[in-house]
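J.: Coordinates only, no sequence provided:
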């Protein structure tokens, strides 16, 4: 009796198994393009945002970043004068880890 010990033998019997290269949509599209067969273009999806989402995104009044500070940091890095505050980084990492462990509870 021959026992198939390949890792794909079990996977192939569960949920249709792994897709072969010829079964993948990208591979079939490439094959169709190579054969000169036109393929159907994928249809787009329309997304509609609620008014509260639009207002939250639009007029927040705060910038995502301070462009002057970013430029100053770029210049400091380029000149070699940028100093890393390891204590501030460590404090922030510990605070983020505590927040993750607490599940966002305050």
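T.: Noted; the coordinates are in hand. On a predicted model such as this, the values are computed, not experimentally measured, just so you know.
J.: quick one: residue 52 and residue 70, what's the gap?
T.: Using CB to CB, to the nearest Å, residue 52 is found at 30 Å from residue 70. Where C-beta positions appear, they are placed from N, C-alpha and C, glycine not excepted.
J.: let me fix that: residue 50
T.: Residue 50 sits 32 Å away from residue 70 when distances are taken as CB to CB.
J.: do the same with residue 77
T.: Relative to residue 70, residue 77 is positioned 11 Å away (CB to CB).
J.: same question, residue 56
T.: For residue 56 relative to residue 70 (CB to CB), the value is 24 Å.
J.: hey, where'd the helices end up in this protein?
T.: Counting by DSSP state H, the chain forms helices over residues 8-13, 25-35, 51-58, 67-79, 86-101, given from the N-terminal end onward.
J.: model confidence over the second one, on average?
T.: Model confidence over helix 25-35 averages 56 on the pLDDT scale.
J.: just the first one next, same as before
T.: Averaging pLDDT along helix 8-13 yields 53.
J.: Stretch 76-89 too?
T.: Mean pLDDT, taken over the full extent of stretch 76-89, equals 95.
J.: Mind listing residues that contact that stretch?
T.: residue 73 (CB atoms under 8 Å, 6 or more residues apart in numbering).
J.: Show the pLDDT at residue 44.
T.: pLDDT for residue 44: 86.
J.: Quick check: the gap between it and residue 54.
T.: Distance from residue 44 to residue 54, counting by CB to CB: 20 Å.
J.: out of those two, which sits in the more crowded spot?
T.: Set residue 44 next to residue 54 and count neighbours by other CB atoms under 10 Å: residue 54 wins out with 11 against 6.
J.: now residue 50: how far from residue 56?
T.: Counting by CB to CB, the gap from residue 50 to residue 56 is 9 Å.
J.: Pick out whichever of those two has more residues nearby.
T.: More neighbours surround residue 56 than the other of residue 50 and residue 56, with 11 against 8 (other CB under 10 Å).
J.: Identify the residues contacting that one.
T.: Contacts were defined as CB under 8 Å, 6+ apart; by that measure residue 56 touches no other residue.
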